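# Okay, predicted coordinates and the sequence, questions at the end:
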Amino acid sequence: MPESGQKATRDHITEPAPAVPAARRAGLLVTLVLGGLTALPPLSMDMYLPALPEVTRSLAAPAATIQLTLTACLAGMALGQLVVGPMSDKWGRRRPLLAGMVVYVLATAVCALAPSIELLIAFRLLQGLAGAAAIVIARAVVRDLYDGVEMARFFSTLMLISGVAPVVAPLIGGQILRFTDWRGVFHVLAVIGVLLTLVAHRFLHETLPPERRQEGGVGQALRTMRGLLADRVFTGYMLAGGLAFAALFAYISASPFVVQEIYGASPQTFSLLFGLNSVGLVAVGQINGKLLVGRVSLDKALGLGLSVILLAATALLLMTTGVFGEVGLVPIAAGLFVLMSAMGLAMPNTNAQALMRTPHAAGSASALLGTSSFLIGAVASPLVGIAGEHTAVPMAVVQLACAVAALAAFLLLCRPWRAAPEKTAA
């Protein structure tokens, strides 16, 4: 792209979004729909977590291979967003969303019937590809409706709604395993997918008017994404959020084995601990949205969140390597609780700060944000099991490396000390 074209793209990125009429802003019902769509990825991941040891035995596959079922779903959600995001900028939000949800339901139903680990991995990939529509379009709809501090607050509200998913999903998964096998988890996910599809079709109206849609095909979509990535600050927020998510996903993929296999907890105890950690994430997210946003700059809140993640990851590494002697489940669980809770500062603020720079291409920007998070998380997932099922050190190493890299990306690329004053709420 010529230098003048790149400059125009960067200038376009920082233009303020047009004012949104109050009538178009999300009511309670639409907020619940968006929260449900945002919850679909954690539902797809977390409800399945208590079943991982049983899947290992049922399909006679090693733990590292079983963890590929998580990696496949995560990679599918990452790649799917790259397709669905630009599609939603061109054709609007509703059609790509509904098509993706239908495919998600079909793929989930096949996962419930999979006779082999290879087929399960393949359809988990398809499940992720289709489910990407929910999260990328939900985020783009928020950008269509809100700007500035209001957008950060709405993301924190979504975290409250979607945060219920990781709280209840492992609990539901653990209870399902009391009455049936791991295949029942996918049956429940398919039913949830059907319900979300019907509710979105009925209540989620189009938020991107024709005059604001992107023209062109694949080439234009690629040029738009290249322009977004040319913006150093946007890329900084994207990497900081993606790497923080990878630290979170290292916990998600390793915790069933760490808590159940290493520390001997039952699936139900694991589910309760996982739910408690999710409550911490939701609570801090609400503190961010209700108390900090509008009073403290988003960059300061984000920097605090990333710093706490770094400290928690450091403590976990010291505990798992035996620096403090042999520790039990309680100190490890406390470290994981602090790490998870700090995500309530990191996740909504990276999304809000990045999307504030992209009023003209919210779908593509949302796709890049989601894809980076899911791809980095997909890489982190198999690394946590590289030393086997009987040590938590790889989990802590991956978390610490991701935390250091996230804070470095934020400081070096976003340069928050040079940030322009943020918009105040209308």
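Right, received. Where do you want to start?

# What's the separation between the residue nearest to Gly80 when sequence neighbours are not counted and Ala99?
Once flanking residues are discounted, Gly80 sits nearest to Ala132: 2.9 Å by CB to CB, 6 or more residues apart in numbering. Where C-beta positions appear, they are placed from N, C-alpha and C, glycine not excepted. Going from Ala132 to Ala99 by CB to CB, to the nearest Å gives 12 Å.

# now do Ile262
Applying CB to CB to Ile262 and Ala99 gives a distance of 42 Å.

# And for Leu106?
Taken as CB to CB, the span from Leu106 to Ala99 is 11 Å.

# do the same with Ala152
Separation of Ala152 from Ala99 (CB to CB): 30 Å.

# who's more crowded, those two?
Ala152 (27 against 15; other CB atoms under 10 Å).

# Pull the number of nearby residues for the closest residue to that one other than its chain neighbours.
Closest residue in space to Ala152, ignoring its immediate chain neighbours: Ala352 at 3.8 Å, by CB to CB, 6+ apart. Applying other CB under 10 Å, we find 27 residues neighbouring Ala352.

# So for the helix or strand where Ala352 lies, what gets flagged as buried?
Taking DSSP states H and E as the criterion, Ala352 maps to helix 329-355. Buried residues in helix 329-355, defined by neighbour count with 16 or more other CB atoms under 10 Å: 332-333, 335-355.

# from the chain's centre, how far out does it sit?
Its chain's average C-alpha position is 12 Å from that of helix 329-355, according to CA atoms, centre = their mean, to the nearest Å.

# Remind me what the helix or strand that that helix is followed by packs against, helices and strands.
Next helix or strand after helix 329-355 toward the C-terminus (DSSP H and E): helix 362-383. When contacts are defined as 3 or more CB pairs under 8 Å, 6 or more residues apart in numbering; DSSP states H and E, helix 362-383 sits against helix 63-91, helix 117-145, helix 218-230, helix 232-255, helix 329-355, helix 393-409.

# separation between the residue lying closest to Val284 once chain neighbours are set aside and Ala354?
Leaving aside its chain neighbours, Val284 sits nearest to Gly344 (3.1 Å; criterion: CB to CB, 6+ apart). Using CB to CB, Gly344 is found at 17 Å from Ala354.

# Could you do Leu208 as well?
18 Å.

# Same check on Leu129?
Distance from Leu129 to Ala354, by CB to CB: 23 Å.

# Where does pLDDT dip in the protein?
Counting by pLDDT under 70, the chain contains low-confidence ranges at 1-26, 162-163, 166-167, 216-218, 359, 387-390, 419-426.

# do that again at 50, thanks
Where the chain drops to pLDDT under 50, the residues are 1-24, 421-426.

# and Leu106, what element?
Using DSSP H and E, Leu106 falls within helix 94-113.

# Contacts for that helix next, please.
For helix 94-113, contacts defined as CB atoms under 8 Å, 6 or more residues apart in numbering pick out 37, 40, 44, 80, 84, 87-88, 119-120, 123-124, 126-127, 129-134, 137, 183-184, 186-187, 189-190, 193-194, 196-197, 200-201, 204-206.

# Give the buried residues for it.
Those would be 94, 96-98, 100-101, 103-105, 107-112, for helix 94-113 by 16+ other CB under 10 Å.

# what does stretch 70-77 give?
When neighbours are counted by 16+ other CB under 10 Å, the buried residues of stretch 70-77 are found to be Leu70, Thr71, Ala72, Cys73, Leu74, Ala75, Gly76, Met77.

# ditto for stretch 187-195
His187, Val188, Leu189, Ala190, Ile192, Gly193, Val194.

# from those, which is closest to Arg295?
For these, the residue nearest Arg295 by CB to CB is Ile192; the value is 36.9 Å.

# Now that closest one. Nearest residue, chain neighbours left out?
Using CB to CB, 6+ apart, the closest residue to Ile192 is Leu43 (6.3 Å).

# That neighbour: helix or strand, and which one exactly?
helix 28-46.

# sorry, back to before: and the helices and strands packed on helix 362-383 as a markdown table, adding distance to Ala367?
Below are the helices and strands packed on helix 362-383 laid out as a markdown table (distance: least, CB to CB, whole Å):
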| stretch | distance to Ala367 |
| --- | --- |
| helix 63-91 | 3 |
| helix 117-145 | 5 |
| helix 218-230 | 8 |
| helix 232-255 | 11 |
| helix 329-355 | 12 |
| helix 393-409 | 19 |
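
# between those, which one is nearest to Asn288?
Here helix 329-355 is closest among the helices and strands packed on helix 362-383 (CB to CB), at 5.4 Å.

# Point out the other helices and strands that the closest one packs with.
With contacts defined as 3+ CB pairs under 8 Å, 6+ apart, the packing partners of helix 329-355 are helix 117-145, helix 148-162, helix 232-255, helix 267-287, helix 298-320, helix 362-383.

# So which other helices or strands are in contact with the longest one?
I take that to be helix 117-145. Applying 3+ CB pairs under 8 Å, 6+ apart, one finds that helix 117-145 contacts helix 28-46, helix 63-91, helix 94-113, helix 148-162, helix 329-355, helix 362-383.

# Test my guess that Ala313 contacts Ala396.
Yes: taking CB atoms under 8 Å as the definition, Ala313 is a contact partner of Ala396 at 6.6 Å.

# Pro115: what secondary structure?
Counting by DSSP: H, G, I helix; E, B strand; the rest coil, the backbone at Pro115 sits in coil.

# Could you count how many residues lie near it?
Residues lying near Pro115 (other CB under 10 Å) number 8.

# Would you quantify the distance from it to Gly148?
52 Å.
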